[in-house]
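**Q** coords below, sequence missing:
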């Protein structure tokens, strides 16, 4: 058989095979056409976002209470201007609400709530109103004082962290705060401490088990030595409120969570405790080079050897 016959037999297709090849070629050509035409077609399409911008324009005054009561910085960012003062949400006029940063719609919703018999019995009641954003509630909450509260409490104005966009109508009087028992509301009454710093102080206190001295505030993120020096006359620490770690019973996770113990020190304490079947004094940890003298003095208020 000649090579021509072999070649002819090799390329000899049945009717159904020829049909399948034609369909496959058609799909290939269609795919190439889509690949060439689709990107150009999409590039020519224009999205009509007029409705979106109109909705956004209407939403901003509703979602941001003092968007229309702001001034614009050179960078194009709004700077809210508010005046903070003590107030009872049950006995406050519309102008006072405006000074605190609320717009007309929000004030109207509050009035509707009160007209239906609604009363603010505690601070948290204010944030239950959907019209009050959490950021606004967090700013004004330290200044809420109900008429039933004692006169000496309402005489002290809480301070917030200094902000160039905030006006304050009064000067805060000095108060004395015990660091290991104060809640967030009490901490914000200290000049220079606002909701953010108060939250960080409490978070650090919970992790460490308490404050042994005022200087430890330097270890709280964002608080510098200048602010600590300013606050020191107004602060005290009750060492009896410190939550101590039982060295002879604590597990690894309980020790390593303390800011004054790293992994190496924690493993050293646990290993020494195991081979000695207990630790009696801090000196044992120093003599066996598990802690330095400085580290031992720092962690001492937080360890119990019972």
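**A** Great, that's in hand. Note that the structure is a prediction, hence the values are computed from the model and not measured. Residues are numbered from 1 along each chain as shown.

**Q** Next, count neighbours for residue 108.
**A** For residue 108, the count of nearby residues is 13 (other C-beta atoms under 10 Å). All C-beta spots, glycine's among them, are computed from the backbone N, C-alpha and C.

**Q** got the buried residues for the helix or strand it falls within?
**A** Element membership for residue 108 (DSSP states H and E) is helix 104-115. The neighbour-count check on helix 104-115 (16 or more other C-beta atoms under 10 Å) flags 106-107, 110, 113 as buried.

**Q** Let's have those in a markdown table, adding pLDDT and distance to residue 129.
**A** Converted to a markdown table, the buried residues of helix 104-115 look like this (pLDDT from 0 to 100; distance: C-beta to C-beta, whole Å):
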| residue | pLDDT | distance to residue 129 |
| --- | --- | --- |
| 106 | 82 | 8 |
| 107 | 84 | 11 |
| 110 | 84 | 7 |
| 113 | 81 | 6 |
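
**Q** on that earlier part again, for the helix holding residue 108, what is the distance to the chain centroid?
**A** The chain centroid and the centroid of helix 104-115 are separated by 29 Å, computed with C-alpha atoms, centre = their mean, to the nearest Å.

**Q** For residue 306, see how far away the most centrally placed residue in the chain is.
**A** Centroid check for the chain by C-alpha atoms, centre = their mean gives residue 196 as the closest residue, at 8.1 Å. Counting by C-beta to C-beta, to the nearest Å, the separation of residue 196 from residue 306 is 38 Å.

**Q** just residue 108 next, same as before
**A** Distance, residue 108 to residue 306, by C-beta to C-beta: 61 Å.

**Q** and if you look at residue 244?
**A** Remark: distance between residue 244 and residue 306 (C-beta to C-beta) = 9 Å.

**Q** More neighbours: these two, which one.
**A** Ranked by neighbour count (other C-beta under 10 Å), residue 244 and residue 306 place residue 244 first, with 15 against 8.

**Q** Would you agree that one is in contact with residue 300?
**A** No: contact between residue 244 and residue 300 fails when scored by C-beta atoms under 8 Å: they sit 10.0 Å apart.

**Q** Could you report the pLDDT at residue 3?
**A** Looking at residue 3, its pLDDT is 61.

**Q** Residue 214 too?
**A** Confidence at residue 214, expressed as pLDDT, is 93.

**Q** ok, so what distance separates the residue nearest to it when sequence neighbours are not counted from residue 202?
**A** Distances taken as C-beta to C-beta, 6 or more residues apart in numbering place residue 235 nearest to residue 214, at 4.8 Å, with adjacent residues excluded. Residue 235 sits at a distance of 14 Å from residue 202 (criterion: C-beta to C-beta).

**Q** Kindly report the same for residue 289.
**A** Distance from residue 289 to residue 202, by C-beta to C-beta: 35 Å.

**Q** neighbour count winner among the two?
**A** Counted by other C-beta under 10 Å, residue 289 and residue 202 do not tie: residue 202 has more neighbours, with 16 against 8.
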